[in-house]
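Trainee: Return a 3D structure for these sequence lines:
(one chain, ligands or ions: 1)
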Amino acid sequence: MAAELVKSERRGPVGLLTLNRPQALNALNHPLMDQLEAGLDRFAAEAAVRCVVITGGERAFAAGADIKEMDRLSAAQMAADSHLSRWDKLGDFPKPTLAAVSGFALGGGCELALACDLIVASESAQFGQPELALGVIPGAGGTVRLARALGKARAMELVLTGRRLGAREALSQGLVNAVFPVESYLREALALAERLASLPALAAAAAKKSVAYALDHGLEESLRRERALFASLFDTRDQKEGMKAFIEKRKPAFTGT
Ligand code: CAA
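Mentor: Residues are numbered from 1 along each chain as shown. The predicted model follows:
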């Protein structure tokens, strides 16, 4: 039987995917990423799942792509391998995603967290892109997403020096959303995920799309796109319910339609 490299479970409306290769600090090899991708596909299709949390272990969220899988590859072989494009799938995921990070989040592990919508970290989390020390650069979005998240100076520093950001520094620089003690970070992440899961699902998907679009496009186009998404939600039941509930001074009962 194949090893369970990613544990997948439902916690009410939250889908929880736990990277489970502790002996290699959750290095993201092909079989692990196959299982992560399959878990994401399952949760994308499951209507009852409204938010997905990706986590690792206390010592390591993930210490990067698996160096032992790629050390002998040529440029042509690496270019032909679609492995790294799988990180992008998270960016396009239709439901809110949250990374719950403890310990090492390095290289592809940092990039995996960055591809999620929100990051909750434990006090021990360390974020970094050490690829230059291996003779390469980040290849799963690190240079791009760090530049967007932190701006030029900080992204250049992290990528060029490989310096790691601790949880508190990552919080103060806006890379992560919240930091909690190691004992409670996962519980807190799941509580936040449950709040996200209670949102009207179509509006949450539109909100994600609009923010992502704004990061890729100019102001005018982005504002046009936001207005179009805003208008499109007026054909949903949840918009009628949300506004009616406000007027009637009661809690809305969203159906995700
Ligand atoms: N790939 C493969 N194996 C890895 C790994 C990785 N990225 N990171 C850790 N491991 C393995 C180690 O080889 C070791 O295995 P063995 O026991 O079989 O030797 C095991 O995990 C434990 O690691 P260490 O003994 O090194 O643990 P440590 O506490 O001394 O150090 C660490 C921890 C600082 C995270 C160190 O393991 C390390 O530097 N790891 C590599 C980090 C890295 O360079 N990541 C970038 C990878 S390239 C990439 O991700 C490209 C991209 O953009 C997608």
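Trainee: what ranges do the strands span in the stretch 1-150 of the chain?
Mentor: If DSSP state E, counting those that start in this stretch is used as the criterion, the strands of the stretch 1-150 of the chain fall at 6-11, 14-19, 51-55, 60-62, 97-101, 104-106, 118-122, 126-128.
Trainee: tell me which parts of the chain are close to the ligand?
Mentor: Taking CB under 6 Å from any ligand atom as the contact definition, the chain meets the ligand at 24-25, 27, 63-68, 84, 104, 106-108, 111, 130-131, 134, 138-140, 142. Using the backbone N, CA and C atoms, a C-beta is placed for each residue, glycine as well.
Trainee: on that earlier part again, I'd like the strands of the stretch 1-150 of the chain laid out as TSV, including mean neighbour count and distance to Tyr213.
Mentor: Formatted as TSV, the strands of the stretch 1-150 of the chain follow (neighbours: other CB atoms under 10 Å; distance: least, CB to CB, whole Å):
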stretch	mean neighbour count	distance to Tyr213
strand 6-11	15	29
strand 14-19	23	25
strand 51-55	27	21
strand 60-62	29	28
strand 97-101	28	17
strand 104-106	27	26
strand 118-122	26	18
strand 126-128	24	25
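Trainee: mind putting the ones you listed in a markdown table, mean pLDDT included?
Mentor: Listed next are the strands of the stretch 1-150 of the chain as a markdown table, based on pLDDT from 0 to 100:
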| stretch | mean pLDDT |
| --- | --- |
| strand 6-11 | 97 |
| strand 14-19 | 98 |
| strand 51-55 | 98 |
| strand 60-62 | 98 |
| strand 97-101 | 98 |
| strand 104-106 | 98 |
| strand 118-122 | 98 |
| strand 126-128 | 98 |
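Trainee: Please convert these to TSV, extending it with distance to Ala204.
Mentor: Putting the strands of the stretch 1-150 of the chain into TSV (distance: least, CB to CB, whole Å) gives the following:
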stretch	distance to Ala204
strand 6-11	18
strand 14-19	13
strand 51-55	8
strand 60-62	24
strand 97-101	11
strand 104-106	25
strand 118-122	12
strand 126-128	25
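Trainee: out of the residues of the chain next to the ligand, which are inside helices?
Mentor: The helices in this structure, assigned by DSSP state H, contain Ile67, Lys68, Gly108, Glu111, Gly142 from these.
Trainee: before we move on, back to that, buried subset of the residues of the chain next to the ligand as a PyMOL selection?
Mentor: Restricted to the buried members of the residues of the chain next to the ligand, where burial is judged by 16 or more other CB atoms under 10 Å, the PyMOL selection command reads as follows:
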select buried, resi 24+25+27+63+64+65+66+67+84+104+106+107+108+111+130+131+138+139+140+142
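Trainee: All set, thanks.
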